[in-house]
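**Q** could you look at this predicted model? Sequence included:
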Amino acid sequence: MTTRWGECYAQRTERMRSSVIRELLKFTQQPEVISFAGGLPAPELFPVKELEEATCKLLREKGPQALQYSTTEGYPPLREFIVEKMGRYGIKATLDNVLITHGSQQALDLIGKVSSTPAIPSCWKPPVMWEGSRPLPPIKPAISPCPSTMRG
């Protein structure tokens, strides 16, 4: 007997479609393909040695803390470092102004959830990365594109 998984899923999954990016990234796995896609850096440029050293140092000095869950806002010493760095550039910030995310999609999702509503239109600069607005449809925001120049 085989399980009919499709019958186990919520109805909304019938409307879900694969991401265009996900489909395109499949081609980048082919060795003869050189991708110029945005957000896909050349792997030989990854600072592997430096990341290995930083990871070893972190695990050696703060292993249990580094592997444990932290606050929702992010690792406090990293947030403190960012506040200090911002201060060097004349930007006044506190820990309450810094939130660490796992990536741009999480950041866009959070921004959309706290700043967009169907009742109040908001003006957003069109995303410059593919699928940057993908998290927004469930929120049903009223978004108007804002024109911009090279200076913002």
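**A** That came through, no problem. Numbering: from 1, shown residues only.
**Q** let's see the pLDDT reported for Arg134.
**A** Looking at Arg134, its pLDDT reads 60.
**Q** same thing with Trp130?
**A** For Trp130, the pLDDT comes out at 53.
**Q** ok, Pro138 next?
**A** 64.
**Q** residue ranges with poor pLDDT in the chain?
**A** Within the chain, the segments meeting pLDDT under 70 span 37-39, 126-141, 143, 152.
**Q** now do the helices in it.
**A** 20-28, 48-67, 76-88, 104-115 (DSSP state H).
**Q** could you dump those to JSON lines with mean neighbour count?
**A** Using the backbone N, CA and C atoms, a C-beta is placed for each residue, glycine as well. Below are these laid out as JSON lines (neighbours: other CB atoms under 10 Å):
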{"stretch": "helix 20-28", "mean neighbour count": "11"}
{"stretch": "helix 48-67", "mean neighbour count": "10"}
{"stretch": "helix 76-88", "mean neighbour count": "13"}
{"stretch": "helix 104-115", "mean neighbour count": "14"}
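**Q** for Thr149, find the nearest of the ones you listed.
**A** Comparison of the helices of the chain against Thr149 by CB to CB identifies helix 104-115 as nearest, at 21.9 Å.
**Q** just checking, what packs against the closest one?
**A** Packing partners of helix 104-115 (3 or more CB pairs under 8 Å, 6 or more residues apart in numbering; DSSP states H and E): none among the helices and strands.
**Q** one more time with 10 Å, if that's ok
**A** strand 122-124 (3 or more CB pairs under 10 Å, 6 or more residues apart in numbering; DSSP states H and E).
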